[in-house]
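Student: Compute the structure for the input listed below.
(chains A and B)
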Amino acid sequence: MTGADAAASAPGLATPAPARRSPLGWPATWLFVILTIIGAVVLGRAFGSAVVGNPVAFTTAVILFGIHGAIFVAIIRTVDWLEPEPKRYLAVALLWGGIVASSSALRANTAVESILVKIAPLDFVRDWAAALEGPTDEEILKTLGIVMIVLLARPQINSILDGVVYGAFVGLGFQEVENLTYSLNAVAQAGTDSAAPVVQTFFVRGLLAGLWSHTVYSAIAGAGVAYAVLRRDRSWGVRIGVALLALLVAWCCHFLWNSPLLTAIADVPGGFGVIAAILLKGALILGAFLILLYVVRRGEFAGLAAQLARWRDPSVATPGEIAALRTARLRGVARWNAWVAGRYGARVAAKRLQRAQADLAVAMRDDESAVPARFPALRDARQRLVERGVTDANAERRSTVLGWVSFVLSFGVLLNVFVAVVPVALLLIGVSNARRQHRRADPRLRTAVIMSLVFAVIWLVSFVARAADMQ
Amino acid sequence: MTATVSAWQRNLAGCVAVAAAVAAFSVGLPAVDEAIPDSTVSHDSPLAFAAGVTVVPPPNATLDAEGTSPEQGVVTMSVDGVQYRLQAEAFDGTLQQLADRTRELIQGAGGVQAVSADRPASTVDGVPGLQASFVAEQQTGWYTVFLDRGTAVTAVIDGPDASVTSNRDALEASVRSVAFGQQA
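Tutor: Sure thing, here's the model as predicted:
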């Protein structure tokens, strides 16, 4: 039985989803709209005059942090590749973080700091206010955004990873709006409408502290909310307990970042101590998140891979192709293999096949009625691949001396940009040999070229900066 | 049909809970803050209002929580209707530049009619400073700036004429009590 034939008769698929009410029929839609409007008004009143009074600085901040946010979106979407969440709900998550949570936190943080000033010694407030008010107000307010996503789109929460993704988007919205407000504060302190304070804020908050900020905290909290929603086999106590535990972990990460802990390291002269303290705190936070992400991604992949494996049909997915779906890196290697064997057309077909296989697996898990609709795309991609001589779009790697040499030499581009020619030449030689011998080519050849391009950009920026300094 | 109504009701209940939680933060916490009165500060011991910088508050002073931001080295006190604001910050200019900047800020404030020439001042510990008085409509006050090893302290006092006059000595003594601790 081929996949196409079996499309309508796969055993044990999930029951179809019930008919859905229009989004406007749910109270959650209206609550979200009302809170977003109120939040926008609060933010407008707080920062409107600063925005109008500093057009250069604000435009610079929007551009820089817009690019920053777009890169984060691309990364999160890569993590979310197996089962992409609908863009409209990701936008809702961004808006909650950026407008509802930000505006509420603005008022709450001010109130908490004022209360602390009234009841605690000033030196305690100076050292610990940010560590207490930020995590407490902001983490809870952001987590409410993930709860709001559950209220708006419960059928979209199908795995713990979904909670991580929505949480990350809520956190990202909050993070970027906070970056904009910090930029405006920096401009106010500088006293002039210029780009310099914004660029400085971008380096500190966007580059130095951006990786382990609100996006990460809320992603952790999102995992807890998703667990509480999905694990109906557990008692309410366990489900709520896990959600609160995840929120506590998010709180602790935020607390660690905002607190004066580890500042003893920062006392090392020369400024290196400050960098070391930042990196150590960041490594602890990011490390905790990456461990969580590894576990939940493995869980989601295992569930979806099991669905595909049930077909036992290489026209649907070979074991190697199923394994290649696990990470972005493996998917990339499979596409590279297809490109080496069948040029650009095969690469495109491999990408489409991977998408179709993932969509089929999700449909099998969540919505039986959607399974037949997944087959035309899968069949088309498979046919195109076979026409280009690729029968198995797997991610088997071939390691070669040429690949290693190219990889090592790519670092030489940091010293001289013209070294970039070498990895490009080695890639052409390696791929040409592989095609002639009908073998795989080492994916390090491709990695080396990408690294060379990145290093070339860094080299050029450095060159221009030095030239500007000399003038 | 029953299931649909039930889902709608669950959705409504969830919305009420979310709205209540958001309101607790954005409305409830400010209300709690309003309900707690400003605290009095002891004039028997120095108040550390910024890293390494202390001041002995005047008698009967209350801490104005709204105008106080320890993270930014700002403390605002209130004595008999007189506002007493201190700010400590890093400053890489000269004492005169610090005084000029403060003068500009005071002159830019609404209602200020005249500012006197700078005159020398100093803390009890001998840190040099500059001081000037200003008058506004039914208000009067003065500011004092000190600069010690890159740390600037600006003290601005203003309030109704009668209150400022009756508390001048206590406020002046407080300003002179500013002490710069060991630098990091």
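Student: Tell me where chain B is predicted with low confidence.
Tutor: B:1-5, B:182-184 (pLDDT under 70).
Student: Alongside chain A, which residues does it contribute?
Tutor: Within chain B, the positions near chain A by C-beta under 8 Å from any C-beta of the partner chain are B:3-4, B:7-8, B:11-12, B:14-15, B:18-19, B:21-22, B:25-27, B:29-30, B:32-33, B:36-39, B:47-51, B:63, B:65-66, B:68-71, B:75, B:184. For glycine as for every other residue, the C-beta is placed from the backbone atoms N, C-alpha and C.
Student: Let's see the PyMOL selection covering just the buried ones among those residues.
Tutor: To isolate the buried ones among the residues of chain B next to chain A in PyMOL, judged by 16 or more other C-beta atoms under 10 Å in any protein chain shown, type:
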select buried, chain B and resi 11+14+15+18+21+22+25+26+29+30+33+38+47+48+49+50+51+63+65+68+69+70+75
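Student: Count the neighbours of residue A:440 for me.
Tutor: Residue A:440 has 19 neighbouring residues, counting by other C-beta atoms under 10 Å in any protein chain shown.
Student: same check, this time on residue A:239
Tutor: Residue A:239 has 19 nearby residues by other C-beta under 10 Å.
Student: so who does it touch?
Tutor: A:227-228, A:231 (C-beta atoms under 8 Å, 6 or more residues apart in numbering or on different chains).
Student: do stretch A:196-206 and chain B meet?
Tutor: No - residues of stretch A:196-206 are not located near chain B by C-beta under 8 Å from any C-beta, the shortest gap being 15.1 Å.
Student: Just the buried positions in that stretch, please.
Tutor: A:197-199, A:201-202, A:205-206.
Student: Which members of those occur in helices, if any?
Tutor: When DSSP state H is applied, those are split such that A:197-199, A:201 fall in helices.
Student: In which helix or strand does residue B:159 reside?
Tutor: Using DSSP states H and E, the element containing residue B:159 is strand B:151-160.
Student: What helices and strands are in contact with the helix or strand that that strand is followed by?
Tutor: Using DSSP H and E, the helix or strand that follows strand B:151-160 towards the C-terminus is helix B:161-176. If you count contacts as 3 or more C-beta pairs under 8 Å, 6 or more residues apart in numbering or on different chains; DSSP states H and E, helix B:161-176 packs onto strand B:74-79, strand B:82-90, strand B:119-122, strand B:139-148, strand B:151-160.
Student: would you turn these into JSON lines with distance to residue A:290?
Tutor: Shown next, in JSON lines, are the helices and strands packed on helix B:161-176 (distance: least, C-beta to C-beta, whole Å):
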{"stretch": "strand B:74-79", "distance to residue A:290": "39"}
{"stretch": "strand B:82-90", "distance to residue A:290": "37"}
{"stretch": "strand B:119-122", "distance to residue A:290": "56"}
{"stretch": "strand B:139-148", "distance to residue A:290": "46"}
{"stretch": "strand B:151-160", "distance to residue A:290": "41"}
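Student: of all those, which lies closest to residue A:355?
Tutor: strand B:82-90 (54.7 Å; C-beta to C-beta).
Student: List the buried residues of the next helix or strand after that closest one.
Tutor: Next along the chain after strand B:82-90, taking DSSP H and E as the criterion, comes helix B:95-108. By neighbour count with 16+ other C-beta under 10 Å, helix B:95-108 contains the buried residues B:95, B:98-99, B:101-103, B:106.
Student: How about the residue nearest the centre of chain B: what's its closest non-neighbour residue?
Tutor: For chain B, the residue sitting closest to the mean C-alpha position, by C-alpha atoms, centre = their mean, is residue B:76 at 2.6 Å. Distance criterion C-beta to C-beta, 6 or more residues apart in numbering or on different chains; nearest residue to residue B:76, sequence neighbours excluded, is residue B:67 at 3.1 Å.
Student: Report the contact partners of the one you found.
Tutor: The contact partners of residue B:67, by C-beta under 8 Å, 6+ apart, come to B:74, B:76, B:83, B:85.
Student: Any of those buried? List them.
Tutor: Buried among those (16+ other C-beta under 10 Å): B:74, B:76, B:83, B:85.
Student: how about those residues, which pair is most distant?
Tutor: Farthest pair in these, by C-beta to C-beta: B:74 and B:83, 12.4 Å.
Student: Output stretch B:41-61 as CSV, restricted to C-alpha atoms.
Tutor: Output of stretch B:41-61 as CSV, limited to C-alpha atoms (Å, rounded to 0.1, in the frame of the first residue of the first chain):
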residue,chain,number,x,y,z
VAL,B,41,13.5,59.3,57.8
SER,B,42,15.7,59.4,60.8
HIS,B,43,17.9,62.6,61.2
ASP,B,44,20.1,60.7,63.7
SER,B,45,22.0,58.7,61.2
PRO,B,46,23.3,59.2,57.6
LEU,B,47,21.1,58.1,54.8
ALA,B,48,22.9,56.2,52.0
PHE,B,49,21.1,57.5,48.9
ALA,B,50,23.6,56.5,46.2
ALA,B,51,26.7,54.2,46.0
GLY,B,52,29.1,55.7,48.6
VAL,B,53,27.2,58.9,49.1
THR,B,54,25.3,59.7,52.3
VAL,B,55,23.4,62.6,53.8
VAL,B,56,22.0,63.3,57.3
PRO,B,57,18.3,64.2,56.7
PRO,B,58,16.8,67.2,58.4
PRO,B,59,14.5,66.7,61.4
ASN,B,60,10.8,65.8,60.6
ALA,B,61,11.6,64.9,57.0
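Student: list the buried ones in that stretch?
Tutor: B:41, B:43, B:46-58, B:61.
Student: Looking from chain A, tell me which residue of chain B is nearest.
Tutor: residue B:70 (3.5 Å; C-beta to the nearest C-beta).
Student: my guess is that residue contacts residue B:49, does it?
Tutor: Yes - counting by C-beta atoms under 8 Å, residue B:70 touches residue B:49, with 6.7 Å between them.
Student: Which neighbours do those two have in common?
Tutor: residue A:122.
Student: ok so residue A:180 is a helix residue?
Tutor: Yes - under DSSP: H, G, I helix; E, B strand; the rest coil, residue A:180 sits within a helix.
Student: What ranges in the stretch 1-150 of chain A fall below the confidence cut-off?
Tutor: Scanning the stretch 1-150 of chain A for pLDDT under 70 picks out A:1-20.
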